[in-house]
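# Curious how this folds, go ahead:
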Amino acid sequence: MKVFTTTLQAAILAVACVAGGPALAQHSATDHAQQAVAADTTDGEIKKVDKASGKLTIKHGELKNLGMGAMTMVFRAKDAAMLDKVKAGDKVRFTVESANGAMTVTSLEVK
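Numbering: from 1, shown residues only. Purely as a prediction, here's the structure:
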């Protein structure tokens with residue numbers, strides 16, 4: 001009986017590990033993706049909104065994903081709707097990517 005109980009416990013543990021394995025791996029991948037996105041976001045302040053050219057001038061902190069230090073620069077907005085969400089003086093959190101040679105704001109939220 002003792003051997004049966006030990007074998008049953010081992011089998012239950014094995015099934016639990018196998019069943020939980022993909023879920024744990026997926027959770028880990030999700031956490032990693034969220035951390036990567038958080039690392040790519042930067043705090044900044046909108047200095048100018050130029051709707052005609054689809055650009056934002058932003059004073060920003062370090063852009064780690066692009067290896068750039070803090071400065072003020074002009075960015076293209078990926079989506080024209082972003083330009084309607086902000087005005088000069090707004091504090092923002094945003095993501096920038098290099099797209100076709102142009103620094104482009106790909107996500108933007110007002111703080």
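
# all helices for this structure, in order.
Here the chain has its helices, by DSSP state H, at 2-40, 81-85.

# any idea which of the ones you listed scores lowest on pLDDT?
Sorting the helices of the chain by mean pLDDT places helix 2-40 lowest, at a mean of 52.

# quick one: Gly54 from Gly61, how far?
23 Å (CB to CB, to the nearest Å). In short, each C-beta sits where N, CA and C put it, glycine included.

# Asp90 is in contact with Leu108, correct?
No: the criterion here is CB atoms under 8 Å, and Leu108 misses it with Asp90 at 9.6 Å.

# higher neighbour count, the two?
Using other CB atoms under 10 Å, the more surrounded residue of Leu108 and Asp90 is Leu108, with 25 against 16.

# And the pLDDT for the more buried one?
97.

# Relative to Lys48, how far out is it?
14 Å.

# cool, Lys111 as well?
Counting by CB to CB, the gap from Lys111 to Lys48 is 18 Å.

# Which one of those two is surrounded by more residues?
Lys48 (12 against 9).

# excluding its backbone neighbours, what's nearest the more buried one?
Distance criterion CB to CB, 6 or more residues apart in numbering; nearest residue to Lys48, sequence neighbours excluded, is Thr57 at 3.9 Å.

# Per-residue pLDDT of the one you found, please?
So Thr57 comes in at 98 (pLDDT).

# Contacts only, for it.
With contact taken as CB atoms under 8 Å, 6 or more residues apart in numbering, Thr57 is in contact with 46-50, 72-75.

# partner residues bridging it?
Counting by DSSP bridges, Thr57 forms beta bridges with Lys48, Val74.
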